[in-house]
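Chemist: Okay, predicted coordinates and the sequence, questions at the end:
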Amino acid sequence: MIKLKSKTQDALLFYVLRTISLVVIALLLGIIFVLIQAAWPAIKAGGLTFLFSKEWNPVEDRYGALPFIFGTLVTSLVALLIATPVSVLIALFITEYLPKSISRIVALLVEMVAAIPSIVFGLWGVFYLAPFVKKVLAPLLKTHLGFLPLFQGPSFGIGILTAALILSIMIVPTISSICRSIFELVPAHQKEASYALGSTKYEMIKLAILSPSVSGISSAVVLGLGRALGETMAVTMLIGNSPVISSSLFSPAATMASVMANEYADANTPLHISSLCYLALLLFLITFLSNLFARTIVKSFSKG
Amino acid sequence: MPNLNDAKVILEAKKLEAWFGDFHAVKGITVDYREKTINAIIGPSGCGKSTYLRCLNRIHEEIEGARTAGEVLLEGKNIYDKKVDVVDVRRRIGMVFQKPNPFPSMSILDNVVIGLRLQGISKRSTLLETAEVCLRKAALWDEVKDKLNSLGTSLSGGQQQRLCIARALAVNPPVLLMDEPTSALDPIATAKIEELMNEIKKEYTVIIVTHNMQQAARISDFTSFFVYGNMIEHGLSADIFTNPKEKQTEDYISGRFG
C-alpha cells in the first residue's frame, strides 16, 4: 500500500470536512426551500390573514393559524414563568449550598430529567399530572385566584396549564444547567468582596452572583423557550387539541406543533397539507427569531 | 512622636489556629494591634499570612473545608463567639483583596456605597456625601468625580484598587485588612496606595500582608514575620528591620532565605 504524503492527507481532510459542513448547510437551506414551496398554495390563498384568522376548519377547507400561535406562545410563556425561577434556585442550591461531592451528583440527576423521552413525559402527564391538575391544582387556584380570568371555567385536567406544567419540567434541566455553569464562573473574589462588606449569604447571592449573571440567565431562558416552542409529543398528549382561544388556563388549546402532529396523516385536501406546511414554516421562523433575539439580549448585556 | 506601644489595643489574636481540611495553615498566633497603626505581616509564600489575615474578619470560614480555633478580640469582644453576628464582624473589620475586585455590573458610585446600601441606607444625599468623602480618602476623587456613573471596571488597575479601598472605608470599619493590595499593581499605582495609607492611618487601624519588604519597612509601624504558620517575631518595624531578635527574621530580611 502506498503511504499518502502528509500534504495529500491534509488536502483530503480539508475536502472531506468542507463537504460535510456544506452538506449540513445545504440541508438547512433545502428544508427551508421545501417548506416554502409546500406552503406556497396556502400563502397565496391566505397570505398574512392566515396569521390572524381564528378559524381552522378542514371540513370547509378554511384555515387560520391564530389559535395555534396563541397556544404555542401561551404554553411556552407559562412554562418559562414556572421554570425560570425554579431553575435559577436549583442552580444556586447546587453551586452555593451543596458541598462539591454531593453537588455533582445532584447536578447529574437534574440533567437526567432531560434524558426522559417526551412520550414518557406525555404518558406520565396523562395518567398522573392531568388528574392532579383536575382534582387538586385547579380547585386550589380557583379558590384563591378565581377572580382572575386566567383561572376561571371548568378544568378537565387536560389543557393549557397541564401542557405548560409538563413543558416547564422538561425545560428546567436546560435552563438550570446553563445557569449553573454561569454561576460557577463567578470568581471567588467577587463573593469575598461581597462578604467582606458585611453581606448575608442572600445579599451575596444577589450582589455577586445574580446581578452580573442577568444576561447569562436571559440567554438560558431563551434557549429553554426554544425547546418549549417546538416540543411536540408531550404537549400534544396533554393540551386537548382544540383550536380555541380562551383566557382561561384550564381551557384546552392546540399548539402549532401539536396540530401538525395530529393532522399530517389525515390531511386530504391540498390546501390542508399546504396550511400545515405554512404552520411549520411559521414555527421555524418564530424559533429562529427567538434565538436571534436571545443573541441580541446577550450582546447588549455583555456590552454593559 | 508618641510611643506607639502606649496606644490602645483594638484587635487581638489569641492562640489563633486555622486549617484547610487537614492542612494546618496557621499555628497558634497570639498578637495585639494598636489603634491607628499600620501593621505589616511579612514572610515567604505559603507561610499562612493571607490565611491568618482572612481569619481576622472570619472570611476564611467561607471556604469549603476551612476551620479555625482560638479567639480574635475586637475591642475586647471575641468575634468567634457563637452569639456574634458574622455580618456585623465584617462590617467592622473591612478588607481589601490582592486582586482589585469592584463589582462588574456597578458604577463607580454604586461600588463605593454598596456597603451602606446593604445596611439599608438609601438616602441619596447621604450616599453621595459618603462617596465623596471615601473617594477623597482613597485619593481617587479628582480622577473620577466627573464619571461617577461609569462602570467601576472601566478604571485602571490601580484606580480599581483605590476604588475598593474607598468601598471598604465607606462602612467606616475601625480595622482595615489588606491582603497584598499592591501585588497586582505597577510601581506608580503602588506608590499612590502607600501614600494614601498614611492618611488612612489617621482614622483606621490597618493590617497589611505584603510580599514587599521595602513596602513593609516604608509604611508600617509594626511588623510580624511569619514562617509556615508560625509567627517568628513581632515588634516595631524600626526594630524588626534594623535589629531583629531572631536569626530566621534576619536571614529573611537580608535576603538569605525565602
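Modeler: Looks like it arrived, so ask away. Numbering: from 1, shown residues only, chains lettered A, B, ... in the order given.
Chemist: now the strands: where do they sit in the chain?
Modeler: I'll assume chain A. A:56-57, A:62-63 (DSSP state E).
Chemist: Let me rephrase: I mean chain B.
Modeler: According to DSSP E, the strands that chain B contains are B:9-20, B:23-34, B:38-42, B:66-74, B:77-78, B:93-96, B:175-179, B:205-209, B:222-227, B:230-236.
Chemist: just so I know, which of these lies nearest chain A?
Modeler: Ranking the strands of chain B by proximity to chain A (CB to the nearest CB) places strand B:93-96 first, at 3.9 Å. No exception for glycine: its C-beta is placed from N, CA and C like everyone else's.
Chemist: contacting residues around residue 221?
Modeler: By default, I'm working from chain A. Contacts for A:Val221 (CB atoms under 8 Å, 6 or more residues apart in numbering or on different chains) come out as A:Leu80, A:Thr84, A:Ile175.
Chemist: was after chain B, sorry
Modeler: Contacts of B:Asp221 (CB under 8 Å, 6+ apart): B:Leu4, B:Arg34, B:Thr37, B:Ile38, B:Asn39, B:Leu236, B:Ser237.
Chemist: Up against chain B, what does the stretch 151-300 of chain A have?
Modeler: A:187, A:189-200, A:203, A:207-208, A:211-212, A:214 (CB under 8 Å from any CB of the partner chain).
Chemist: Does B:Glu132 touch B:Trp141 like I think?
Modeler: Yes: at 6.3 Å, B:Glu132 and B:Trp141 qualify as touching, with contact defined as CB atoms under 8 Å.
Chemist: so who does the most centrally placed residue in chain A touch?
Modeler: Closest to where the C-alpha atoms of chain A average out (CA atoms, centre = their mean) is A:Ala228, at 1.8 Å. Residues near A:Ala228 by CB under 8 Å, 6+ apart: A:Thr75, A:Ser76, A:Ala79, A:Leu80, A:Leu167, A:Met170, A:Ile171.
Chemist: What count of nearby residues applies to the fourth one?
Modeler: Residue neighbour count, defined by other CB atoms under 10 Å in any protein chain shown, stands at 21 for A:Leu80.
Chemist: Please apply the same query to the fifth one.
Modeler: A:Leu167 has 29 neighbouring residues, counting by other CB under 10 Å.
Chemist: for the third one, same thing?
Modeler: The criterion is other CB under 10 Å. On that basis, A:Ala79 has 27 neighbouring residues.
Chemist: And for it, nearest residue in space, chain neighbours not counted?
Modeler: Among residues not flanking A:Ala79 along the chain, A:Leu167 sits closest, at 3.6 Å (CB to CB, 6 or more residues apart in numbering or on different chains).
Chemist: quick one, what contacts that neighbour?
Modeler: Contacts of A:Leu167 by CB under 8 Å, 6+ apart are A:Thr75, A:Ser76, A:Ala79, A:Ala83, A:Ala228, A:Glu231, A:Ala234, A:Val235.
Chemist: Out of those residues, which sit inside helices?
Modeler: Judged by DSSP state H, those include A:Thr75, A:Ser76, A:Ala79, A:Ala83, A:Ala228, A:Ala234, A:Val235 as members of helices.
Chemist: burial of the fourth one, as a residue count?
Modeler: In this case it means A:Ala83. Neighbours of A:Ala83 using other CB under 10 Å come to 28.
Chemist: closest to chain B among the ones in helices among the contacts of A:Leu167?
Modeler: A:Ala83 (24.2 Å).
Chemist: what stretches of the chain score poorly on pLDDT?
Modeler: Assuming you mean chain A. A:1-5, A:298, A:300-304 (pLDDT under 70).
Chemist: Chain B is the one I meant
Modeler: Counting by pLDDT under 70, chain B has low-confidence residues at B:1-2, B:257-258.
Chemist: where along it do the helices fall?
Modeler: Remark: helices assigned in chain B by DSSP H are B:49-56, B:86-92, B:108-118, B:124-137, B:141-144, B:157-170, B:187-200, B:213-219, B:237-242, B:247-253.
Chemist: does the residue nearest to B:Ser220 when sequence neighbours are not counted have beta-bridge partners, and which?
Modeler: Residue nearest to B:Ser220 in three dimensions, not counting chain neighbours: B:Ala40, with 3.7 Å by CB to CB, 6+ apart. Going by DSSP bridges, B:Ala40 is paired in beta bridges with B:Ile208, B:Thr223.
Chemist: Give me the neighbour count for B:Ala40.
Modeler: So B:Ala40, with other CB under 10 Å, has 27 neighbours.
Chemist: I'd like to know how far it sits from B:Asp239.
Modeler: 13 Å (CB to CB, to the nearest Å).
Chemist: for B:Pro44, same thing?
Modeler: Distance of B:Pro44 to B:Asp239, computed by CB to CB: 21 Å.
Chemist: And A:Leu249, by the same measure?
Modeler: From A:Leu249 to B:Asp239 the distance is 78 Å (CB to CB).
Chemist: Between the two, tell me which one has more neighbours.
Modeler: More crowded of A:Leu249 and B:Asp239, by other CB under 10 Å: A:Leu249, with 25 against 13.
Chemist: contacting residues for the nearest residue to the more buried one once chain neighbours are set aside?
Modeler: Of all residues not flanking A:Leu249 in the chain, A:Leu161 sits nearest, at 4.3 Å (CB to CB, 6+ apart). Contact analysis of A:Leu161 by CB under 8 Å, 6+ apart lists A:Val78, A:Val133, A:Leu137, A:Ala138, A:Ser155, A:Leu249, A:Phe250.
Chemist: what's the neighbour count on A:Lys142?
Modeler: Neighbour number of A:Lys142 under other CB under 10 Å is 17.
Chemist: What sits closest to it if chain neighbours are left out?
Modeler: A:Phe151 (5.6 Å).
Chemist: Quick check: the gap between the one you found and A:Ile166.
Modeler: Counting by CB to CB, the gap from A:Phe151 to A:Ile166 is 19 Å.
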